[in-house]
Structure formats: structure tokens, C-alpha cells
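Enquirer: Sharing a model prediction with you, sequence too.
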Amino acid sequence: MAKAIWKGQVLADSEAVEEVEGNKYFPPDSVNREYFEESNTQTECPWKGTAQYYHIKVDGEVNVDAAWYYPSPKEAASNIKGHVAFWRGVEIE
């Protein structure tokens, strides 16, 4: 079981996370969407493809671009399609 936590709130919780390059990617249905807000930020990975980002909002505080996902990953990363990973102070337990 893995949990993503920020400011005491569980952002995602799953037994079926995928680990890639040291990051745990949570399945889309394990994410508590009430804390997520779409971001316009995108980054490129040579083997995974284009990542989209979310801001995390808890109790009026915003953690900018603290989560990302690959909506249409390249073939090599197809196992993480739509899965969400975290950084910028989000704790993974």
C-alpha cells in the first residue's frame, strides 16, 4: 500500500502503484481529485513522452506543479498512462 500525503491530506492511496525511475505512479482511480487543479505546465521526457501537471490545493495552500502524469505516453511507458506521480514536498508512505 502506498499513500501520497501533503498537509495531512491523502492525495492518492493504492496497492497498485507503478514505480518508474524512483517515482511511484498512482492509478487514476486512486487519486482524490478534490485536491487537484489542472496546470498549463508540460515537460518532455525522451522515452516517456509529454507530461502534464497538476497544482495541489489543500486548505487554501497551493503546491504548484506538485503532481504530473502522462496522458499519452510513448510505448515504453504505456504502463503509466494516466497514472499520477508527486514531488515538491508530497510525502509517499
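Expert: Received the coordinates, thanks.

Enquirer: Secondary structure class of Asn79, three-state.
Expert: Under DSSP: H, G, I helix; E, B strand; the rest coil, the three-state class of Asn79 is helix.

Enquirer: I figured it hits Glu18, correct?
Expert: Yes - shown here, Asn79 and Glu18 form a contact pair, counting by CB atoms under 8 Å, at 5.4 Å. (Glycine included, C-beta is placed from N, CA and C.)

Enquirer: Compare those two (neighbour count), which wins?
Expert: More crowded of Asn79 and Glu18, by other CB atoms under 10 Å: Glu18, with 16 against 10.

Enquirer: The more buried one - nearest residue in space that isn't next to it in sequence?
Expert: Tyr25 (4.5 Å; CB to CB, 6 or more residues apart in numbering).

Enquirer: Just the pLDDT for that neighbour.
Expert: Listed pLDDT for Tyr25 reads 98.

Enquirer: Surely it and Val17 touch.
Expert: Yes - here Tyr25 reaches Val17: they are 6.1 Å apart, a contact under CB under 8 Å.

Enquirer: Send me stretch 3-21 as CSV with only the CA atoms.
Expert: Extracted in CSV, the C-alpha atoms of stretch 3-21 (Å, rounded to 0.1, in the frame of the first residue of the first chain):
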residue,chain,number,x,y,z
LYS,A,3,-0.1,6.8,0.0
ALA,A,4,0.7,10.3,-1.2
ILE,A,5,0.2,12.9,1.5
TRP,A,6,0.5,16.7,1.7
LYS,A,7,-0.5,19.0,4.6
GLY,A,8,-2.1,15.9,6.3
GLN,A,9,-4.4,15.1,3.4
VAL,A,10,-4.2,11.8,1.5
LEU,A,11,-3.9,12.7,-2.2
ALA,A,12,-3.7,9.2,-3.5
ASP,A,13,-3.9,5.7,-2.0
SER,A,14,-3.3,2.4,-3.8
GLU,A,15,-1.8,-1.1,-3.7
ALA,A,16,-1.2,-1.0,-7.5
VAL,A,17,1.4,1.8,-7.9
GLU,A,18,3.9,1.6,-10.8
GLU,A,19,7.5,2.6,-9.9
VAL,A,20,9.5,4.3,-12.7
GLU,A,21,12.9,6.0,-12.1
